[in-house]
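# A structural model of the following input is requested.
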Amino acid sequence: MPTVLVLALFGLATITSGLIRYLTQDGGEKGLWFGIVMGSLSLAGALTVRSGRRKAGLALGWTALAFVVGWFSFEVFVRKGLGQAEIRQIVLLAFALMGAGMVATAKRPA
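Just a heads-up that it's a prediction; the model follows:
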């Protein structure tokens, strides 16, 4: 799967997760902002890669992936524990790890 598509889908999933947090929980504004910022960063990375500036786009994408993996790993495994974590958190963490693996193993276009 092309890097642009992986980063774009991850960005949309992150924004959606933030929106779900905002709509389903009191005090979900922080989750909404986190989703918007990290999702937009990933989308900007996808657009930058598409425009031909691969290194800059990957830097943006990796930054978003790193923050999401770091934060949700902390939330799921340290703060709440796997049994108490929200499904939304576990799914987004899985998407972020899969996305990171796909971006890391993607072949550079000729």
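# C-alpha only now, for contacts and for neighbours.
Fine.
# ok, and what's touching the lowest-mean-pLDDT helix or strand in the chain?
Within the chain, no helix or strand scores below helix 87-105, which has a mean of 92 by mean pLDDT, DSSP states H and E. With CA atoms under 8 Å, 6 or more residues apart in numbering as the test, helix 87-105 has contacts from 1, 3, 6-7, 10, 13-14, 17, 62, 65, 68-69, 72-73, 76.
# now the strands: where do they sit in the chain?
Counting by DSSP state E, the chain has no strands at all.
# can you pull out the helices in it?
Applying DSSP state H to the chain gives helices spanning 3-24, 29-50, 54-73, 87-105.
# pLDDT of the third one, averaged?
Per-residue pLDDT values over helix 54-73 give a mean of 94.
# Just name whatever secondary elements it is in contact with.
With contacts defined as 3 or more CA pairs under 8 Å, 6 or more residues apart in numbering; DSSP states H and E, helix 54-73 has these neighbours: helix 29-50, helix 87-105.
# Could you look over these and pick the most buried one?
helix 29-50 (a mean of 21; mean count of other CA atoms under 10 Å).
# orientation of that one relative to helix 54-73 in degrees?
160 degrees (axes from the mean of the first three to the mean of the last three CA atoms, to 10 degrees).
# Now helix 29-50 - C-alpha only, CSV.
Taking Å, rounded to 0.1, in the frame of the first residue of the first chain, the C-alpha atoms of helix 29-50 are listed here in CSV:
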residue,chain,number,x,y,z
GLU,A,29,-12.3,18.4,24.2
LYS,A,30,-8.7,17.3,24.8
GLY,A,31,-9.2,14.1,22.9
LEU,A,32,-10.8,16.0,20.0
TRP,A,33,-7.9,18.4,19.8
PHE,A,34,-5.4,15.6,20.0
GLY,A,35,-7.2,13.8,17.2
ILE,A,36,-7.4,16.9,15.1
VAL,A,37,-3.7,17.9,15.5
MET,A,38,-2.2,14.4,15.1
GLY,A,39,-4.6,13.5,12.3
SER,A,40,-3.9,16.8,10.5
LEU,A,41,-0.2,16.2,10.9
SER,A,42,-0.5,12.8,9.3
LEU,A,43,-2.7,14.2,6.5
ALA,A,44,-0.1,17.0,5.9
GLY,A,45,2.6,14.3,5.7
ALA,A,46,0.6,12.4,3.1
LEU,A,47,0.1,15.5,1.0
THR,A,48,3.8,16.4,1.3
VAL,A,49,4.9,13.0,0.2
ARG,A,50,2.5,13.2,-2.7
